[in-house]
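Asks: Structure for the following, please:
(one chain, ligands or ions: 2)
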Amino acid sequence: MEKGNVQRIIMDMDPGIDDALALILALKSPEVQVMGISTVAGNAPVALTSANACQVLEACNIHNIPVAKGAASPLERPLEHALSYHGPDGLGKLALPERKFPLDPEPAPELISQLASQHPHEIVLVATGPLTNIAQAFQSHPQLPKLLSRMILMGGAYHITPFGRGNKTPLAEFNIWQDPEAAFIVFTSGIDVTAIGLDVSANPEVCLSNKHLNQLETGHSPAISLAIQLTEYAIQHHGCCELHDPLTLASLLDPSLFGFMSVPVEVITTSDEERGMTRILPLGLGNRMPFIHLAIDVDEARFIQLFLSRVFGR
Ligand code: RIB
Ligand code: CA
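Replies: Ligands and ions are numbered 1, 2, ... in the order given. Next up, the predicted model:
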């Protein structure tokens, strides 16, 4: 990204606490312009993830970003949500006021295609949920992988670092496990993929704890109050607030935070214990699967500082 240029993005997400924090981070970061949001079933049913995306926009007093509802279930499998982690409403049981924000009339794949067609080769697609919407968009609009500039996704466990184990199963990360068929379609679509996996995002040094919240003067804007409530819920219920999705967006805000390596990756779509595994192939066989840019390390302290200063206005 040229210095001073604002990067146009589309965010496909399943809010969920960390998706909501990633959206707040995007709205408060001058490096990016959110052109649209598409929602998918994952952490919560799609009715909730859609309502939650609208709630975050309301809290940030934003009313000009379209939110398009997407898939209610994975391509070929039933949904297994994670409300036990994110709270009964998917946003830490905040019981936010009924949203006034109307959803876009178009379904998610159409909104993604329309925006990419309006801004050819410019938009970076940032996906922080299961990849169902993206796969459906690529299937119904085959030119889309080339119309988008590239894609950054939160997904996978690559066993490169000690944190790179699965979080849904011992071998698989939640987003990929939820819809492995969609992930296979996306990884083999020809689009340039950057993956932020658990290898960096499950590092305890990039999770928020009470010590971070205690540093903050309680902000007075609705967005800061929302971010604090979400973070507090995660800390109270899980000991820390995982930031998988804000970390994914941060790879666009400041790529220098990360180390990357390009590797061929295969997504396992069986229904056994390997379901949703993201396997790095030996380079000799690499031509069987396309290469992706994989994050293998992160400057934890600089990321936390970036996140706190942007989201909590510190
Ligand atoms: O495995 C973590 C990912 O799954 C995050 O994107 C979280 O929000 C859930 O979608
Ligand atoms: Ca997510």
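Asks: Tell me where the stretch 151-300 of the chain has helices.
Replies: Taking DSSP state H, counting those that start in this stretch as the criterion, the stretch 151-300 of the chain carries its helices at 174-178, 180-187, 198-201, 210-214, 222-238, 244-253, 300-311.
Asks: How about the first one and ligand 2, any contact?
Replies: No: under the criterion of Cβ under 5 Å from the ion, ligand 2 is not reached by helix 174-178; the shortest gap measures 6.3 Å. C-beta coordinates here come from the backbone N, C-alpha and C atoms, glycine included.
Asks: Show me what that helix is packed up against.
Replies: Helices and strands touching helix 174-178, by 3 or more Cβ pairs under 8 Å, 6 or more residues apart in numbering; DSSP states H and E: there are none.
Asks: Try it again at 10 Å.
Replies: Applying 3 or more Cβ pairs under 10 Å, 6 or more residues apart in numbering; DSSP states H and E, one finds that helix 174-178 contacts strand 150-154, helix 180-187, helix 244-253.
Asks: Pull out the buried residues from the first one.
Replies: Okay, so that is strand 150-154. 151-154 (16 or more other Cβ atoms under 10 Å).
Asks: follow-up on the earlier one: tell me which of the helices and strands packed on helix 174-178 sits most buried.
Replies: helix 244-253 (a mean of 26; mean count of other Cβ atoms under 10 Å).
Asks: got the CA coordinates for it in PDB?
Replies: Extracted in PDB, the C-alpha atoms of helix 244-253 (Å, rounded to 0.1, in the frame of the first residue of the first chain):
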ATOM      1  CA  HIS A 244      -7.600 -13.500  16.300                       C
ATOM      2  CA  ASP A 245      -9.600 -11.200  14.000                       C
ATOM      3  CA  PRO A 246      -8.100  -7.800  15.000                       C
ATOM      4  CA  LEU A 247      -4.700  -9.400  14.500                       C
ATOM      5  CA  THR A 248      -5.800 -10.400  11.000                       C
ATOM      6  CA  LEU A 249      -6.800  -6.900  10.100                       C
ATOM      7  CA  ALA A 250      -3.500  -5.600  11.600                       C
ATOM      8  CA  SER A 251      -1.600  -7.500   8.900                       C
ATOM      9  CA  LEU A 252      -3.100  -4.900   6.500                       C
ATOM     10  CA  LEU A 253      -2.700  -1.900   8.800                       C
END
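Asks: And the strands in this structure?
Replies: Taking DSSP state E as the criterion, the chain carries its strands at 7-13, 32-39, 67-69, 124-127, 150-154, 193-196, 258-267, 278-280, 291-298.
Asks: is it possible to export those to a markdown table including mean pLDDT and distance to ligand 2?
Replies: Shown next, in a markdown table, are those (pLDDT from 0 to 100; distance: least, Cβ to the ion, whole Å):
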| stretch | mean pLDDT | distance to ligand 2 |
| --- | --- | --- |
| strand 7-13 | 98 | 6 |
| strand 32-39 | 98 | 10 |
| strand 67-69 | 98 | 15 |
| strand 124-127 | 98 | 9 |
| strand 150-154 | 98 | 6 |
| strand 193-196 | 98 | 11 |
| strand 258-267 | 97 | 17 |
| strand 278-280 | 97 | 16 |
| strand 291-298 | 98 | 16 |
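Asks: Distance to residue 93 added to the buried residues of strand 150-154, as JSON lines?
Replies: JSON lines is the format used below for those (distance: Cβ to Cβ, whole Å):
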{"residue": "151", "distance to residue 93": "32"}
{"residue": "152", "distance to residue 93": "30"}
{"residue": "153", "distance to residue 93": "28"}
{"residue": "154", "distance to residue 93": "23"}
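Asks: Residue 275: neighbour count?
Replies: Using other Cβ atoms under 10 Å, the number of residues around residue 275 comes to 20.
Asks: Pretty sure residue 172 is one of the things it touches, is it not?
Replies: Yes: using Cβ atoms under 10 Å, residue 275 makes contact with residue 172 at a distance of 6.2 Å.
Asks: Which neighbours do the two have in common?
Replies: The contact sets of residue 275 and residue 172 overlap at 166, 178, 180, 267-268 (Cβ atoms under 10 Å, 6 or more residues apart in numbering).
Asks: Contact residues of the chain facing ligand 1?
Replies: 14, 16, 18-19, 42-43, 128-129, 154, 167, 173-175, 244-245 (Cβ under 6 Å from any ligand atom).
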